[in-house]
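*Asks:* Build me a model:
(one chain, ligands or ions: 1)
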Amino acid sequence: MLKVSGLRVHFHNASPERYAVNGVSFSLKRGETLGIVGESGSGKTVTAMCVSGLMPRGKADEEGSILLDGREMFSCSEENLRRIRGQDVGVVFQDPMTTFDPLCRIGRQVEEALTVRGIPKMERRKRAVEAMGLAGLRDAEELYSRYPYELSGGMLQRASIAAAMITKPKLLICDEVTTALDVLIQEQILELLRNLNEDYGMTILFISHDLHVVKKICKSVLVMERGKIVERGETAEVFARPQHAYTKKLIASIPTGAERCRAYD
Ligand SMILES: Nc1ncnc2c1ncn2[C@@H]1O[C@H](COP(=O)(O)OP(=O)(O)OP(=O)(O)O)[C@@H](O)[C@H]1O
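*Replies:* Coordinates of the predicted model:
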């Protein structure tokens, strides 16, 4: 479904030899869950932005190929990219607090991808309530009319997943979606994503700096360091037998369960 080949990205304001992404290739089959892990600045988000067609125009040189269902993303017009994003690719970001406009009711924002496609109001509302329910928001009908400040961080993240899912995209890209949430809420969001994958066959590209989180949701994983993939494989296998020194370092930096709990005491 997704085939990325020789992706290279160089920001115009970076030094000539510094590539944000430097020769990344991978593919993703329908229904798979693939994680991308790596430290801050390793190129995970830039890779995801290229795949979702969100790279800011005129700021970087991009090379390589990204085929989404056989369609080359790099040759798409801005309008087509917007359509693909609204229809085939859903994206969820780290901070649900900044995803939503504080002055606009939640339901209206969840259904935005349908608004731009000209779907009538009643149909939009019905589908927004459905998507919010699917994302595990109870009383979705009532929450539809609430404002963002009336929802907790976990509820807002569920609402942003609902917004990304409303068009039933083929691919859901999750960029650090649990990072801003506390441990219990993290678990609930991971469970929601697991269900979306298992029950609805949703294909997920899951980006995180935290291998521990990736292990819980992704069947396979790519490890990125300084713009390159240094290791890839089944997540369980990479965990059990990491080959690259950088992967070993990432695994060693994962806090134990007890340490994670203490951090939230
Ligand atoms: N708009 C931009 N302009 C210039 N350089 C950028 C821009 N966005 C990202 N970069 C650079 O690209 C490189 C990769 O960044 P990227 O955001 O993909 O890293 P990351 O692995 O996702 O880390 P983080 O988790 O901190 O976002 C970094 O060196 C970063 O400074």
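
*Asks:* Dig out what L67 forms beta bridges with.
*Replies:* With DSSP bridges applied, the residues forming beta bridges to L67 are K3, E72.

*Asks:* Touching, it and F74? I think so.
*Replies:* No: counting by CB atoms under 8 Å, F74 is not a contact partner of L67; they are 9.6 Å apart. Bear in mind the C-beta positions are built from the backbone N, C-alpha and C, glycine included.

*Asks:* how far away is the residue of the stretch 101-250 of the chain found nearest the ligand from G201?
*Replies:* Going by CB to the nearest ligand atom, the ligand is nearest to H209 of the stretch 101-250 of the chain, at 5.4 Å. With the distance defined as CB to CB, to the nearest Å, H209 ends up 27 Å from G201.

*Asks:* Comparing those two, which residue is more hemmed in?
*Replies:* Legend: neighbour count by other CB atoms under 10 Å for H209 and G201, higher for H209 (18 against 11).

*Asks:* how about the strands in the chain?
*Replies:* If you assign secondary structure with DSSP state E, the strands in the chain sit at 2-11, 21-28, 33-37, 60-68, 71-72, 89-92, 171-175, 203-208, 220-225, 228-234.

*Asks:* And for the closest residue to R194 other than its chain neighbours, the neighbour number?
*Replies:* With CB to CB, 6 or more residues apart in numbering as the measure, I217 is the residue that lies nearest to R194, at 5.9 Å, once sequence neighbours are left out. The burial metric for I217, expressed as a neighbour count using other CB under 10 Å, is 20.

*Asks:* I217 contacts L205, correct?
*Replies:* No: contact between I217 and L205 fails when scored by CB under 8 Å: they sit 11.0 Å apart.

*Asks:* Quick check, central residue of the chain?
*Replies:* Closest residue to the average C-alpha location of the chain: C174 at 1.4 Å, with CA atoms, centre = their mean.

*Asks:* That one: what's it in contact with?
*Replies:* The contact partners of C174, taken as CB atoms under 8 Å, 6 or more residues apart in numbering, are V92, L193, I204, L205, F206, I207.

*Asks:* Around the closest residue to T235 other than its chain neighbours, how many other residues sit close by?
*Replies:* Nearest residue to T235 in three dimensions, chain neighbours excluded: V221, at 4.5 Å (CB to CB, 6+ apart). Counted with other CB under 10 Å, the burial measure for V221 works out to 25 neighbours.

*Asks:* Isn't V223 up against H244?
*Replies:* Yes: counting by CB under 8 Å, V223 sits close enough to H244 to count as a contact (6.7 Å).

*Asks:* intersection of neighbour lists for the two?
*Replies:* With contacts taken as CB under 8 Å, 6+ apart, the residues that reach both V223 and H244 are V230, E231.

*Asks:* And the two? Which one has more around it.
*Replies:* Comparing V223 with H244 by other CB under 10 Å, the one with more neighbours is V223, at 25 against 15.
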